[in-house]
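Peer 1: Next comes the sequence, and after it the predicted model I'd like to discuss.
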Amino acid sequence: MKKITFILLFVAVQLSAQLIDTNNSIWKDEKSAVKDSMKIKNMLDLAREYKQINIDSSLIFAQNALAYSIEEKFGRGRVESLYQIGLCNFYLSNMKEAINYYNRSLKVAEIIGYKKFIAQNYKMIGGVYSHEKKYRKGLDYNFKALEILIDMKDSINYARTVDNIGSYYRKLNKYDSAFYYINKALEINLEKSYFKSTGYNYNNLANIYLNLTKYDLALKYYQKSLKIKKEYGKKSDFIHAYNNIGNVLTFQKKYKEAIPYFEKSIAIATELKIVNNLSLFYGNLAKAQKGLNNYKYALKYKILQKQLSDSLNNVETKNFIARKEAELLIKEKEKEKRRLEKIIEIQHGKQQQRNILIIILIIAICIVTFLIFNTNKKTNLLKILNKKESDLHATKSKQKILKEKEKAAKKINTANKFLTQRISQLLKEQIGMELKKIQKSISGSIKDKNCPKKEIKEELSKLIFAERFANTLAFNLTPLVLENQNLISAIENYIENIFEKSSTKVSLLCKNPLSLNLLSNDLNLNIFRIIQELSINVLQHAKAKHLNIEISDTKNTIEIIAEDNGKGFDQQQQQQQQGIGLFNIKQRVKLYGGKLKINTEIGKGTKIFIKMNYNKKIKK
């Protein structure tokens, strides 16, 4: 024990000496790094500043920042520079270049572990796909960003991404999902007092009502958004808020009321030298004047719109850029000076903290050594007892796990066997019968010279139906869609495909969708298969006009409710002649220790309740 104490004391002394000796060299390295990073940071600030004034100048500053970052081997600067170049190309509608730079930025961010910009690049890659109207793909990238932000506990960007997901669902015309996500983002922002962000939430809610042509509600939420931006935002934020209100009033043909809002947008944009969208605002003003039959003013603003489109890079704008550049370079020097002074103060404080820490460490080592010496015998006895107890517990646990695995394997094999039998039966009964009918009918039509072409076309359409049915069965056998999409997207696509030619209207509601998309692959597959079996039963047997499916994840329990208004069935008779589909559902529910309940009567439809339990550890 004396040897152990001596070694611990020696380590503490050596650590103290090393920290004190390296203090000055650490300061010198950090001072040098600060100078280099400040230069790159100010170039990135210039790139962001000029994005609203002149996008080409913004691109030049971002490219210069990238060159310096590569030269100085500054990883974070490289990530942000590549991201800004991607952003400039996005605004210039160079989508191929934009996605190239976002992917490069993402790759470097993943190497150095810069999580904030990993999430940001995922969002912007999604934005490129959105621009190309590939909204499903854009959604997948936003869900990837959401997973990282949950891990980071970044509630501000989490709320923004949730709001963004709502906008994607609006573009897909999935308005229920759009309302859910945007209201979820609004709830987070209100709870965390991020009042500025609520302005964007109200704006997106207004966009949904505008799509639904509910102009009064759209106007109400645009006005709420404007109020928030006036209270918490910058003056530049008012520009689009006024323009949006003017657009709604134009849709309502309230041209006289719309004109002052367009004029305010133009006045602020002119004052702040933000010329990128100025021509658009003049175009909107021209429409409003035309609506009032003021053709003289309408023509005047149309001419101004054309002139602005042709002169975005005029001399006045270039002079303004030069002035801003000079001002920011002066600020750069002042910031650098203040930063260096602050680092000196921080380093001095850190040195004092290290000295105190070393003294506490030495005292702690002495106390621990004393306690170890006195409790050594007791510890050895406890170790022996604990070892025996743990060995016994481990043996029992292994036996229990093996039994559970064997039971689960048997259940899965049984379910797979019945699933294969069912698909084989459907192939023989449905496709075989259809093809035989078509063969006989077409043979008869060929022999009959007077047979009209219309009947032959009908027979061919039946053949096409048989082919589609075969494709649907193949899809049901192996749902590869789960490998490329999240659970909710896979279920939505499946339902849309299987009921495409059916008269049954299907409503799918997913509560807590964020949690549902994070379940394990095995649980995802079981949920997907259950929905698959329920859908096939309704399609083939129920003759229902409406089917409502609800999926939720609460307190480690998956709940599924499926209700149709079909013909129903006799439960007693069904128990005696149980179908393969319902058998498969029961087996999958039992696999997770769940419960299945069926409420049905002949002529009164069917309602099925399913509950499955799972452990938090099986989540991704």
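Peer 2: Thanks, I have the structure now.
Peer 1: where do the helices sit along the stretch 101-250 of the chain?
Peer 2: Taking DSSP state H, counting those that start in this stretch as the test, the helices found in the stretch 101-250 of the chain are 115-131, 135-152, 155-171, 175-191, 195-211, 215-232, 238-251.
Peer 1: With mean pLDDT, distance to Gln587 and mean neighbour count as added columns, please give those helices in CSV.
Peer 2: Every C-beta, even on glycine, is put in place using the N, C-alpha and C of the backbone. Below are the helices of the stretch 101-250 of the chain laid out as CSV (pLDDT from 0 to 100; distance: least, C-beta to C-beta, whole Å; neighbours: other C-beta atoms under 10 Å):
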stretch, mean pLDDT, distance to Gln587, mean neighbour count
helix 115-131, 94, 38, 22
helix 135-152, 93, 31, 19
helix 155-171, 93, 34, 22
helix 175-191, 94, 31, 19
helix 195-211, 93, 42, 21
helix 215-232, 93, 48, 18
helix 238-251, 92, 54, 22
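Peer 1: Same list, those, but as TSV with distance to Gln574 please.
Peer 2: Converted to TSV, these look like this (distance: least, C-beta to C-beta, whole Å):
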stretch	distance to Gln574
helix 115-131	46
helix 135-152	38
helix 155-171	38
helix 175-191	33
helix 195-211	43
helix 215-232	47
helix 238-251	54
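Peer 1: Nearest to Ile360 among those would be which one?
Peer 2: Taking C-beta to C-beta, helix 135-152 is the member of the helices of the stretch 101-250 of the chain nearest to Ile360, at 31.8 Å.
Peer 1: now for the closest one, which elements pack on it?
Peer 2: Contact analysis of helix 135-152 by 3 or more C-beta pairs under 8 Å, 6 or more residues apart in numbering; DSSP states H and E lists helix 115-131, helix 155-171, helix 487-498 as its packing neighbours.
Peer 1: Arrange those helices in TSV, one row each, with distance to Ala562 as further columns.
Peer 2: Output for those, formatted as TSV (distance: least, C-beta to C-beta, whole Å):
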stretch	distance to Ala562
helix 115-131	32
helix 155-171	23
helix 487-498	11
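Peer 1: of all the ones you listed, which lies closest to Ile367?
Peer 2: Closest to Ile367 of those, according to C-beta to C-beta: helix 115-131, at 39.0 Å.
Peer 1: which outside residues touch the closest one?
Peer 2: 79-80, 83, 86-87, 90, 93, 95, 98-99, 102-103, 105-106, 109-110, 135, 137-142, 144-145, 148-149, 151-152, 154, 157, 161, 164, 168, 171 (C-beta atoms under 8 Å, 6 or more residues apart in numbering).
Peer 1: Would you mind confirming that Leu249 is in contact with Tyr261?
Peer 2: Yes: using C-beta atoms under 8 Å, Leu249 is in contact with Tyr261, at 7.0 Å.
Peer 1: circling back to that earlier point, of the helices of the stretch 101-250 of the chain, which is nearest Lys387?
Peer 2: Among the helices of the stretch 101-250 of the chain, helix 135-152 comes nearest to Lys387, with 37.0 Å by C-beta to C-beta.
Peer 1: Give me the contacts around the closest one.
Peer 2: Counting by C-beta under 8 Å, 6+ apart, 115-116, 118-120, 122-123, 125-130, 157-158, 161-162, 164-165, 168-169, 171-172, 485-486, 489, 514, 517-518 sit against helix 135-152.
Peer 1: so that helix versus helix 487-498, what angle?
Peer 2: Angle, helix 135-152 to helix 487-498, by axes from the mean of the first three to the mean of the last three C-alpha atoms, to 10 degrees: 160 degrees.
Peer 1: related to what we said a few turns ago, now for the helices and strands packed on helix 135-152, which one comes closest to Ala364?
Peer 2: For those, proximity to Ala364 was assessed by C-beta to C-beta; helix 115-131 is nearest, at 34.0 Å.
Peer 1: how about the strands of the chain, start to end?
Peer 2: 505-510, 546-554, 557-564, 595-600, 606-613 (DSSP state E).
Peer 1: Now the second one - C-alpha only, PDB.
Peer 2: Output in PDB follows, covering the C-alpha atoms of strand 546-554 (Å, rounded to 0.1, in the frame of the first residue of the first chain):
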ATOM      1  CA  HIS A 546     -64.100   3.800 -45.300                       C
ATOM      2  CA  LEU A 547     -61.100   2.400 -43.400                       C
ATOM      3  CA  ASN A 548     -59.500   4.400 -40.500                       C
ATOM      4  CA  ILE A 549     -56.100   3.400 -39.200                       C
ATOM      5  CA  GLU A 550     -54.500   5.000 -36.100                       C
ATOM      6  CA  ILE A 551     -50.900   4.200 -34.900                       C
ATOM      7  CA  SER A 552     -49.400   5.600 -31.700                       C
ATOM      8  CA  ASP A 553     -46.400   5.100 -29.400                       C
ATOM      9  CA  THR A 554     -46.900   5.900 -25.700                       C
END
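Peer 1: Could you number the chain from 619 rather than 1 from now on?
Peer 2: Done: numbering now begins at 619, and the last item shifts to strand 1164-1172.
Peer 1: tell me which residues in it are buried?
Peer 2: Across strand 1164-1172, burial judged by 16 or more other C-beta atoms under 10 Å covers 1165-1167, 1169-1171.
Peer 1: cool, stretch 1202-1209 as well?
Peer 2: Neighbour counts over stretch 1202-1209 (16+ other C-beta under 10 Å) mark 1202-1203, 1205-1209 as buried.
Peer 1: Next, count neighbours for the residue lying closest to Asn1142 once chain neighbours are set aside.
Peer 2: Here the nearest residue to Asn1142 in space, its sequence neighbours aside, is Leu1105; by C-beta to C-beta, 6 or more residues apart in numbering that works out to 4.8 Å. Leu1105 has 22 neighbours, counted by other C-beta atoms under 10 Å.
Peer 1: wait, Leu1105 sits on Ser1138?
Peer 2: No: applying C-beta under 8 Å, one finds Leu1105 not in contact with Ser1138, separated by 10.5 Å.
Peer 1: which stretches of the stretch 869-1018 of the chain form helices?
Peer 2: Along the stretch 869-1018 of the chain, the stretches classed as helices by DSSP H, counting those that start in this stretch are 873-889, 896-909, 913-928, 933-1044.
Peer 1: what mean pLDDT would you report for the last one?
Peer 2: Rounded to a whole number, the mean pLDDT of helix 933-1044 is 62.
Peer 1: Can you get me a residue count around Lys891?
Peer 2: Around Lys891 there are 15 other residues, counting by other C-beta under 10 Å.
Peer 1: Now it: phi and psi?
Peer 2: Torsion angles at Lys891 (phi, psi; degrees, to the nearest 10) stand at phi 60, psi 30.
Peer 1: thought it was touching Ile671?
Peer 2: Yes: with contact defined as C-beta under 8 Å, Lys891 and Ile671 form a contacting pair (6.0 Å).
Peer 1: Distance of Thr1218 relative to Lys725?
Peer 2: Thr1218 sits 55 Å away from Lys725, taking C-beta to C-beta, to the nearest Å as the criterion.
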